[in-house]
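Novice: Predicted coordinates and the sequence they were generated for:
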Amino acid sequence: MNKHHESTGPAAEQQITLRGPAELADALPYLMGFYPNDSVVMVALHGGRGRFGGRLRLGIPQAPGEWGPVADQLADCLVSGSERREGRPDAIVIFLCQDSPDGSGGRLTMERLRPFAQRLRTACGALDVPVLEALCISDGRYWSYCCPDPRCCPDQGNPLVMPGTTVMAAAAAYAGVHVRGTLRDMEARLQPWRAPAVVTAQEEALDRAGPALIPRLLDERARGEVAAETLRLARTLMDRIEETQPAPPALSDAGDDQLIGSDEAAAVILGLQDRETRDKAAAWMEGAEAQAALRLWRTLARRCVGPYGEHAAAPLTLAGWVSWSTGDEPGARVALTLALRADPGYTFAQLLHRACNEGLDPEALRRCLREAADGASPDARAVGAVMDTAADRGATSRVHKVRPLADGGRRRGSAHRRPGAGRVKPSPASARPWTSVAGRRSREARRYGRRGSRTRR
């Protein structure tokens, strides 16, 4: 395996030979750095020995009508991206990973996804790149869509090997590669709270903080004061988090949630909607403060509840940046993907996501942020440097899945809804303290720039 922009495997000098579908299926978590739930993963192969190259992952579209266009885009994205970095791939391996809804068995899932696998194989063939293997992994078993021989690929599938018992697992452990659990587990650490009581308390705190902070964010003279207050409070919360003892992820997240009050979280969340404040916070990216900052950004992302979901783009992007800066590329991609899901038009997240996927060195951005630590805004220099470098390497095509909203509507990337809009208020006493003017101010403030600026970052 060779290290490249997507690799989380052993370094180039560590050579591993995989033989057959069983070892390919076992290698997938080590290739990605996590177990990809509900995902299609495509891996480019190079040379006669099938050296692993670029790879991409996307959530499996729920609607079969989307499978054809998505297959075409994925194939084109992987082939064109590989051509820019390592040359045209000689073959491709496809993984479709999805458990059955009730855990009753993966064979029905495998059959249901068979047309999608065929569309992916056809799309790759249309680009003159053959699919060497296409596997479905479901409920602890795997099936091959390419092998018709029931002696090695029976209808009931083959069981996956026990984790940690293979040569791949041993080589990954030797190289310091860690599998971080499932994609679902990683996303859960960054997603908004669901418990009604805490959601209501946090939403009310955000409702209270908005009318006080947003007019100040729109005021040129008061903007700097809000930035200083936000950064000072964020630093206080980081110090509070850093004083706690290390714990497993679930316990650590629960402990961090208890350390931060609803009003404190609301003040920092809204303060980070200012672009320059967010960029100054991005300078907390190294050493012990990076881990404290990452825990804070995760905590704040979980506090962006209800109609404040779009506000999560700022802390999620910061979480992705710190993860990437500290060498956790899988964690960075998960956080940045969720940031773009919260706000598809969030330029800073788009930029970092592209730079991370293009295999750029984050040191250029770290250097600019260090130089700007004296108080000047790093946005123009730091972000611009990443943009220019990524542009030189070529933009990476991305496929965005449009997820249905709870009410059956569809999310529009450029739409901004006033917090509380569209909800029925049972009585005048329960009305939120937002007015139409405040709603307009909220939308204006969330453009992260000064008045007159049309750039969203």
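Specialist: That came through, no problem. Numbers count the residues shown, from 1 in each chain.
Novice: Going by C-alpha atoms from here, please, whenever you check contacts or count neighbours.
Specialist: Will do.
Novice: Give the residue spans of the stretch 51-200 of the chain that score low on pLDDT.
Specialist: Where the stretch 51-200 of the chain drops to pLDDT under 70, the residues are 162-177.
Novice: what are the phi and psi angles of N37?
Specialist: Per-residue torsions, N37: phi -80, psi 150 (degrees, to the nearest 10).
Novice: ok, it - contacts?
Specialist: Residues in contact with N37, defined by CA atoms under 8 Å, 6 or more residues apart in numbering, are C97, Q98, D99, T182, L183, R184.
Novice: Distance check, it against L251.
Specialist: With distances taken as CA to CA, to the nearest Å, N37 is found 23 Å from L251.
Novice: Which element is encountered next along the chain beyond the helix or strand hosting V93?
Specialist: Using DSSP states H and E, the element containing V93 is strand 91-97. Downstream of strand 91-97, the next assigned helix or strand under DSSP H and E is helix 107-126.
Novice: Contacts made by the very next helix or strand once past that next one with the rest, please.
Specialist: For helix 107-126, the succeeding helix or strand toward the C-terminus, using DSSP H and E, is strand 131-138. Residues from elsewhere that reach strand 131-138, judged by CA under 8 Å, 6+ apart: 21, 25, 91-100, 105-107, 109-110, 117, 121, 124-125, 142-146.
Novice: Which residues in strand 131-138 does the neighbour count mark as buried?
Specialist: Within strand 131-138, the residues that count as buried by 16 or more other CA atoms under 10 Å are V131, E133, A134, L135, C136, I137, S138.
Novice: do stretch 210-217 as well
Specialist: The neighbour-count check on stretch 210-217 (16+ other CA under 10 Å) flags G210, P211, L213, I214, P215, R216, L217 as buried.
Novice: Based on its surroundings, how many neighbours for A27?
Specialist: By other CA atoms under 10 Å, 18 other residues sit near A27.
Novice: Please tell me how far it sits from P89.
Specialist: Using CA to CA, A27 is found at 19 Å from P89.
Novice: Same question for G65.
Specialist: Distance from G65 to P89, by CA to CA: 28 Å.
Novice: what does L294 give?
Specialist: L294 is 36 Å from P89, by CA to CA.
Novice: ditto for T317
Specialist: For T317, the distance to P89 equals 31 Å [CA to CA].
Novice: what do you get for M238?
Specialist: Using CA to CA, M238 is found at 45 Å from P89.
Novice: residues touching A209, list them.
Specialist: By CA under 8 Å, 6+ apart, the contact set of A209 is D263, A266, A267, L270.
Novice: Please save the CA atoms from stretch 353-364 in CSV.
Specialist: Provided in CSV are the C-alpha atoms of stretch 353-364 (Å, rounded to 0.1, in the frame of the first residue of the first chain):
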residue,chain,number,x,y,z
HIS,A,353,-12.6,19.5,2.2
ARG,A,354,-11.1,19.9,-1.3
ALA,A,355,-7.6,20.6,0.1
CYS,A,356,-7.7,17.5,2.4
ASN,A,357,-9.0,15.3,-0.5
GLU,A,358,-6.3,16.6,-2.8
GLY,A,359,-3.6,15.6,-0.4
LEU,A,360,-2.3,19.1,0.3
ASP,A,361,0.0,19.7,3.3
PRO,A,362,-1.8,21.6,6.0
GLU,A,363,1.4,23.2,7.1
ALA,A,364,1.0,26.1,4.6
